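J.: build the 3D model from these lines:
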Amino acid sequence: MQVHYAEARGETAEASLRAFLQVLPTLPGFVGAELLVSPDQPGLALIASRWEGSVPLLPLPAGVRAWVFEVRESR
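T.: Predicted coordinates for the structure are as follows:
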């Protein structure tokens with residue numbers, strides 16, 4: 001399993017990632033995802049998505065940074 005993190009900053013960060021989140025369930029290997037925001041970091045939004053196998057090529061919104069991690073252990 002792999003986990004993909006997408007990060008957006010700015011006034012439209014949450015809206016941009018919300019639209020991105022709507023696309024993810026249509027892609028092969030999608031397991032689930034969460035849109036995350038923190039009251040301690042206004043203007044920062046993250047999506048943590050989980051994928052069976054490798055993360056496919058994702059249509060990231062402009063200005064979004066992303067990382068892929070392999071799950072080595074979970075509980």
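J.: for the rest of this, base every contact and every neighbour count on C-alpha atoms.
T.: OK.
J.: name the nearest residue to the residue nearest the centre of the chain, ignoring sequence neighbours.
T.: Most central in the chain under CA atoms, centre = their mean is residue 47, positioned 3.0 Å from the mean C-alpha point. In this structure, residue 47 finds its nearest non-sequential neighbour in residue 35, 4.5 Å apart by CA to CA, 6 or more residues apart in numbering.
J.: report pLDDT for that neighbour.
T.: Listed pLDDT for residue 35 reads 98.
J.: list the contacts for it?
T.: Residue 35 makes contact with 17-18, 21, 45-48, according to CA atoms under 8 Å, 6 or more residues apart in numbering.
J.: which of the residues you listed has the most neighbours?
T.: Counting neighbours by other CA atoms under 10 Å, residue 45 leads the contacts of residue 35 with 24 neighbours.
J.: which non-adjacent residue is nearest it?
T.: Excluding the flanking residues, the one nearest residue 45 by CA to CA, 6+ apart is residue 37, at 4.9 Å.
J.: wait, the one you found sits on residue 46?
T.: Yes: using CA atoms under 8 Å, residue 37 is in contact with residue 46, at 6.5 Å.
J.: specify the beta-bridge partners of residue 9.
T.: With DSSP bridges as the criterion, residue 9 is bridged to residue 44.
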